[in-house]
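In: show me the folded form of this:
(one chain, ligands or ions: 1)
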Amino acid sequence: MKIALAAGTMSPRGWLDALASAFVAADLDVDLQPWSGHSIGARYAIVWLPPAELFSAETELRAVFNLGAGVDALLARGVVPAELPIIRLVDAGMAVEIAEYVCFALARITRGLDLFGPPPHGSRDWNAARPRDEAPRVGVLGLGAMGMAIVEAAARFGYPVAGWSRNPRRIAGVETFAGVAQLDAFLARPQILVDALPLTAQTQNLLDRRAFAQLPRGAHVINVGRGGTLVDEDLLAALDEGRLASATLDVFRVEPLPPEHPFWSHPKITVTPHIAAPTPYGPAAEQIAAGLKLLEQGVPPPDLPGYVDRSEGY
Ligand code: OXD
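Out: All right, here's what the predicted structure looks like:
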C-alpha cells in the first residue's frame, strides 16, 4: 500500500525513518514516499501543513494522519475534502513534555528562579530564596491529554489544581468546571492560569480583557495551547495595568512570532518558540502505524483514538 508523506515545516527525514520502522514493527506492508507533487496512488496521507494539490492529485485517499495533536492549522487551510477522515496524534509522548515545561514555569514563578542566574542578572543575596509559604492555586484550561498531564504533574508538586473543560469531567482531587456557564467561576480561582486549549470556534479569543478581569489580581498566565485562544492586545493591557503579573507564552497567533511583535520585548513576558512539546518521532510514528492498522482491519475511522470531529474542531 502506498502512503504519501507531506511533512511541511517538519523534517521529512526524521519522519520517514521513524514511520518506516513503525510500519515494519506493526507488520504493515507499506511503500512510504515523500509527496513530490505528483499522484502516487496513495491510500493514506501523513501530513503537517500539506499543500492543497495533494488532495486534488491523490484521489484514492482513505484517511489523513496529522503529524501533531492540534488540527487547527490543517482545518483552517480547508484543503482536506470533507468526506476524508482526519486522525490526529493523542499525547504520543507530548503530554509529559508539556507537563514538564509547565512545571518549570510554575517553579520559576513560585520559587523566584529569576532572581538567580549568571551575571549581570544573578543575585548574590543568599537569603533571596524563600520557601513557598503556600502553593498558589493553579487552573488548567482544557482537560485533554495535555491538560490532564499538566493537572496531574502540578497536583503532584502540591499545587491545588482546578480544571475547566468544555464538557463536564470528574477528576479525583481536582475541582472541575465545565462550559461557558462555569467559566467565570473557574477564572476567579487560579493565581496561575495554564491555557492548554485547542483552537476551535469556541476557544478562539477566550482569554480576552473580560476573562483577564475575572482572574485574581496579580495572576500569572502560561499558554501552551494555541495562540489564537488569547487576545494579544488584551494580554498586554492587563500586564501593563498590573492586573496580571506575568505571562509565559509558547504559542502565538502567528508563528514564527514576528521580530517586531511587542511580546518579545515586554518585561513581564517570556517567549519560547513553540518548544513546550516537540512531537517525538518514535511514539508518534507508532501511534500512526497502530491507527493505520486498525483502519486496514476495517475499524471505522470514528472509533480510532484521535479521530477528528470537524464540527468540534479537534
Ligand atoms: C501539535 C503541536 O499540535 O506541536 O502537536 O502544537
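In: ok, the residue most central in space within the chain - contacts?
Out: The chain has Gly225 as the residue nearest its centroid, 4.2 Å off, counting by CA atoms, centre = their mean. Gly225 makes contact with Leu141, Gly142, Met146, Asp195, Ala196, Leu197, Pro198, Leu199, Thr203, Val251, according to CB atoms under 8 Å, 6 or more residues apart in numbering. All C-beta atoms are positioned from the backbone trio N, CA, C, and that covers glycine.
In: wait, a helix at it?
Out: No - using DSSP: H, G, I helix; E, B strand; the rest coil, the assignment for Gly225 is coil, not a helix.
In: where does pLDDT dip in the stretch 101-250 of the chain?
Out: 121, 131 (pLDDT under 70).
In: and the nearest residue to the residue nearest to the centre of the chain once chain neighbours are set aside, how many residues sit next to it?
Out: Spatial nearest neighbour of Gly225, excluding adjacent residues (CB to CB, 6 or more residues apart in numbering): Leu197 at 4.0 Å. Leu197 is flanked by 31 other residues according to other CB atoms under 10 Å.
In: over to the one 10 residues further on?
Out: Residues lying near Leu207 (other CB under 10 Å) number 23.
In: measure it to the ligand for me?
Out: According to CB to the nearest ligand atom, to the nearest Å, Leu207 and the ligand sit 17 Å apart.
In: how about the contacts made by the closest residue to that residue other than its chain neighbours?
Out: Leaving aside its chain neighbours, Leu207 sits nearest to Leu230 (4.2 Å; criterion: CB to CB, 6+ apart). With contact set as CB under 8 Å, 6+ apart, Leu230 has these partners: Asp195, Asn205, Leu206, Leu207, Asp208, Val221, Asn223, Leu249.
In: where along the stretch 201-314 of the chain do the strands fall?
Out: Secondary structure of the stretch 201-314 of the chain (DSSP state E, counting those that start in this stretch): strands located at 219-223, 244-249, 269-271.
In: hmm, who's touching the first one?
Out: Which is strand 219-223. Contact with strand 219-223 is made by 102, 105-106, 109, 190-195, 207, 212, 215, 229-230, 235, 244-251, as judged by CB under 8 Å, 6+ apart.
In: what do you get for the second one?
Out: Outside strand 244-249, the residues within contact range by CB under 8 Å, 6+ apart are 105, 108-109, 212, 215, 218-223, 227, 230, 235, 238-239, 263, 268-272.
In: which of those count as buried?
Out: 105, 108-109, 212, 215, 219-223, 227, 230, 235, 238-239, 263, 268-269, 271 (16 or more other CB atoms under 10 Å).
In: pull up the gap between the residue nearest to the centre of the chain and the ligand, please.
Out: 9 Å.
In: what's the answer for Arg43, then?
Out: From Arg43 to the ligand the distance is 24 Å (CB to the nearest ligand atom).
In: give me the neighbour count for that residue.
Out: Other residues lying near Arg43 total 19 when counted by other CB under 10 Å.
In: thinking it is in contact with Ala4, fair?
Out: No - counting by CB atoms under 8 Å, Arg43 does not reach Ala4; the two are 9.1 Å apart.
In: which stretches of the stretch 1-150 of the chain form helices?
Out: Here the stretch 1-150 of the chain has its helices, by DSSP state H, counting those that start in this stretch, at 12-25, 52-57, 72-77, 94-110, 145-156.
In: mean neighbour count, those helices: which tops it?
Out: helix 145-156 (a mean of 22; mean count of other CB atoms under 10 Å).
In: centre of the chain versus that one, how much separation?
Out: A distance of 13 Å separates the centroid of the chain from that of helix 145-156, by CA atoms, centre = their mean, to the nearest Å.
In: need the contact partners of the helix or strand following that helix.
Out: The helix or strand immediately downstream of helix 145-156 is strand 161-165, counting by DSSP states H and E. Under the criterion CB under 8 Å, 6+ apart, residues 137-144, 147, 151, 154-155, 169, 171, 174-178, 182-183, 186, 189-190 lie in contact with strand 161-165.
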